[in-house]
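Participant: model this:
(2 chains)
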Amino acid sequence: MIRKDSLLYKLTQLHWFLLLTIIALAMFGTLVLFSAGSSAHDLATGLLHIDASYAIAHATRFLLMLGVAIVVALLPLRLWAAVAYPAYIAGVAMLVMVDFGGVVVNGAERWLQVLPGFRLQPSEFMKLAVPLALARYYHQSFSAGRNSLWIHMVAFLMVAVPVALVLRQPDLGTALMILGTGCAVIFFAGISLRVVGGILLLIALMVPVVYFFALHDYQRQRIETMFDPEADPLGAGYQLQQGLIAVGSGGVAGKGFMEGAQKQLDYIPEQHTDFIFTIVAEEFGFVGAGVMLVAWGVALIQGMQIAGNSRSTFGGLAAAGFVSTLLLYVVINIGMVIGLLPVVGIPLPLISYGGTVIVTVMIGFGLLMAVHLNRANDMTLRGLF
Amino acid sequence: MSRDWRNQFPSRRNMFLVGGGVVFLGLTARLAELQLFRQAEFETKAREIRIRLEPAPPHRGTIYDRTGRVLAGSKRNFYVTIRPELAGDRTQIIDVIDRLSRLIPLAESKKRSVIQEATTGPRFRDILVADDLTWEEFAQVNVMSPELSGVSAEVGELRSYPLQAAFYHTIGYVQKANEADIARMSEIELKAANESLESPAGKARAAALRRLYRHPAMRVGKSGIEAFGEVELKGEPGKIRMLQNAGGRVIDRLPSDDLAGDPGADVVLSIDAELQNYAISRFGAEAGSAVVIDVATGEVVCMMSTPAPDPNAFVSGIGSSLFKSLQTDERNPLYHKAYDGVYPPGSTFKIVVAAAALESGAMKPEDTVPCPGKAWYYNRFYNCWRPEGHGTVNLHTGIQKSCDCYFYRAAERTGIEAIADVAKRFGLGHRYELGLTGGKSGSVPNDAWKRKVIGEQWYAGDTISAGIGQGYVTATPFQLAVMCARIAGGDKTPDPHVIVSGMKVPDNSITPMGQFKPGVLEAVRAGMFGVTSEPGGTALRFGALDEKNELPAPYTGARMAGKSGSAQVRVISAAERDSRGRAIANDKLPWKLRDHALFVAFAPTDKPRYAVAVVVEHGGSGSSVAAPFARDILAHALKYDTGARKPFAPQQREVAGSEVKPT
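Facilitator: Sure, this is the predicted structure:
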């Protein structure tokens, strides 16, 4: 008989269905990245051309982070509650430091040189730190019996500060994601729907004001481009236009694995990162893209079930917050590629090439599985810093 | 412990999931729109955007000589271009050109001009950096091209002139088109298509023409037949499908046979390259020209001007120092002496005066004139070339001995108007349209001409000078050949022409010779026979073309009949004459001041087939310098009798788009 607190028992109790969904998505991502580097009929030679370097790097990173995720899942949930506030404060501090200097700039991404050879992207870090901090805040507030509109306003302030700092970088995509995640946590924490309705109305009124006075020119241009990508086919609308051509020419069943033509012509910048969905849609068609969306839907529903099954406020809200983050990732990425949303630099988790997003997402999945393992534990967070 | 959020969670979760579901459905709907309903549209766009249509320079028509020998053909050309928009900014362009110059030979001046063009002109155009490269150089650039941004190594065609200098003046050469060439060509093509530059169709035509001539592999005819026949030789440009990536870099050429243009027309000349080469080699180091006309057909079988530069040196742009040396050379290699060179015809004009005198009835063949060595007209003496005099001279001996005194009198009696009339009937004073650029008319003076050109009335003394081909009379070697052909062939002689097929050369301005009174041409021909074949003739030594009886059947033992001439290039002052009144011998004068030596002749004497005019610049005496050239050229023409065989007829080619003809 295996003891219930042994490591082995815990492993058997992992949410294997969610884990398999993740593995399936990551394997699909590896396949797509293999195709991104390769071609069945190379334009120069007409022969099979294979470059698996993206796929190998992606698979390696995923396996490494899968281990990390399982470790995160097996560690006590209380530990993550304990680090929530320090992580949030450290994150805000780093965002401030990014604002003042010590920065490595790469486009709109702002990195912080923590130590020589070790860089951190504080805005990415905040995607996890904000829901954790909010979950802990609500957990402790509800434990103390406080349940007024005020605690939601404090919570919103906790969201607004990092969002404002990230906007200053300026990184509209990440700011929107942090804002969305934070608002989702507040929503799940039970804020009155009337208040939500009122705020939505207010936002609707504010949109024109923000559009004309608060946005940078390039951000406005991206939005304009989205509505009319052909107005400037060689400028801002270029990437989008080429992406649409790749997606549209894929048709129902796609052109087939490694048969995509657009990728060989270097037409789509960032095709192996933010625009990876163009390869999915071109080579696997409407059917392939639909299957991938279904897989993501399954992952999200499972995440929400985990959140609902958690007895602790911290676990439930943290899980719900992370699931919201995932939804935002997927919707914003695909939405921008197919011309429904402005082009912001948001990758497609588990599919896109790149180290940062896989770290964030896999730690998030680890937390989700930790919440699942600790679902019966109605934690008390008394005595934590 | 509040249970509020927990109670609400299922409903909130459902709201979230429904919201998420709606958003996913929205994404799916958009995907369906793009992939299911608009697939065809994007499919087309995917193709369009990758394939760029570029003008493909057509295969330029080949120019053949009458035997089918290629005079101007196309050879395979490896060339390198740079596209500024892909190469980058000024410093990057300079860097790329610098690195390129380590792979291929690139002169400093060429480097500078390429950089100049690449940094100031339109950035989307390919600029020619170097052409006529070897396969090794081409391959090296090709291998290195990924590291030379904007540079591409291409294969095309380049004009080549296998006979080099021999046809520089007649055929001319091609070069990269400049703005003036493009303007000229679009004017011609718009006129031919009857479109105005303002109309949309005209604008499109002009723009397409500009794109074509801007193509790095395209050349335009700059002179000679290449320039005159540009429209026919050029052909119709086709298009070529280029597969390109987003950066505009050409990845591959796709099959484009269906878009191939039409090759230019092949042009056949009446000139026999073999005879032309022989004439040039016969001249050796002398400067001058020779024109041979087939009396029976009017075909020009030789039309050479020597010395001449190699037209191949011009095709890829000639170096300025070489060009300067050609320009300043006192032998005028750039000058088409046969067609553009006007010379006083000297004594060769005496046959015109003789014909005019007989035609007008001013002289009868048997009328005699005394020659004491000089003659008194209008208060001055006119010298005969032979101070001792020729005694009593008639028409026959006057031509034979080239007696000046006889022709002073003949001219005085005939009058300038009748002389001018006959000169024109012989083809002088008229620019022939042969299908090449240039061409001079020379001058056949009379009273009206002098009033118009000089602004003075005609003096009686002018007629005396004109009688021996001095004064205002000038003619080109080509015209002298026409004159000789007409005298030899009579009024049935066909009009002279150089283009046999491939080009339209309309010339309705040729005045027919018309019939002379019976016996006029015969008497002149007899006099010319006397020059070369009767004792006392000035060119008696050179009359026999076939001393060893080696020529083929009808020409065995042929002789030529001709007339020599020496044209003064300076006024001979009294100081330059010796005590006996003889001018200083030519070989004691500097080259530039010596007389031009002229000789016109036809052969065989009984049934003339070929007429020749030879001008040796500053050669000295026509009878001793030009006559042997004329003899040898005529002998050569008779030996091979090229005019008797039909000119080459090139095969009709279907499509020659990118075909490379071996040269």
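Participant: got the contact list for whichever residue of the stretch 1-150 of chain B sits closest to chain A?
Facilitator: With distances taken as C-beta to the nearest C-beta, the stretch 1-150 of chain B approaches chain A most closely at B:Phe42, which sits 2.8 Å away. Heads up, the C-betas are built off the backbone N, CA and C, glycines and all. By C-beta atoms under 8 Å, 6 or more residues apart in numbering or on different chains, the contact list for B:Phe42 reads A:244-245, A:247-249, B:34.
Participant: keep only those of those residues that are in helices.
Facilitator: In this view, these that belong to helices under DSSP state H are A:244-245, A:247-249.
Participant: in chain B, what helix or strand scores lowest on average pLDDT?
Facilitator: None of the helices or strands of chain B scores lower by mean pLDDT, DSSP states H and E than strand B:250-253, at a mean of 67.
Participant: and the next element down the chain from the helix or strand hosting the residue of the stretch 1-150 of chain B closest to chain A?
Facilitator: Element membership of B:Phe42, judged by DSSP states H and E, is helix B:39-50. Moving toward the C-terminus from helix B:39-50, the first helix or strand encountered (DSSP H and E) is strand B:51-56.
Participant: which parts of the stretch 351-500 of chain B are helices?
Facilitator: Listed in chain order, the helices of the stretch 351-500 of chain B (DSSP state H, counting those that start in this stretch) span residues B:395-401, B:404-414, B:416-425, B:447-453, B:460-466, B:477-489.
Participant: before we move on, what about the stretch 201-350 of chain B?
Facilitator: If you assign secondary structure with DSSP H, counting those that start in this stretch, the helices in the stretch 201-350 of chain B sit at B:224-228, B:230-234, B:273-283, B:312-315, B:320-328, B:337-340, B:350-360.
Participant: residues of the stretch 251-385 of chain A that sit close to chain B?
Facilitator: Proximity of the stretch 251-385 of chain A to chain B is confined to A:251-252, A:261-262, A:264-268, A:281, A:285-286, A:289-290, A:293, A:297, A:300-301, A:304, A:307-308, A:313, A:316-317, A:320, A:324, A:327, A:331, A:334-335, A:338-340, A:378 under the rule C-beta under 8 Å from any C-beta of the partner chain.
Participant: residue ranges with poor pLDDT in the stretch 201-350 of chain B?
Facilitator: Per-residue confidence of the stretch 201-350 of chain B (counting by pLDDT under 70) places the weak regions at B:244-252.
Participant: break down it into its strands, ranges please.
Facilitator: Per DSSP state E, counting those that start in this stretch, the stretch 201-350 of chain B carries strands over the ranges B:220-221, B:238-244, B:250-253, B:267-269, B:288-294, B:300-306.
Participant: name every strand pairing with the first one and say which way it goes.
Facilitator: It refers to strand B:220-221. For strand B:220-221, the pairing partners within the sheet under DSSP bridges are strand B:174-175 (antiparallel).
Participant: what's the first helix or strand after the strand it pairs with?
Facilitator: Once the chain leaves strand B:174-175, the next helix or strand it forms, by DSSP H and E, is helix B:179-193.
Participant: just how off-centre is that next one within its chain?
Facilitator: Centroid separation between helix B:179-193 and its chain, computed with C-alpha atoms, centre = their mean, to the nearest Å, is 20 Å.
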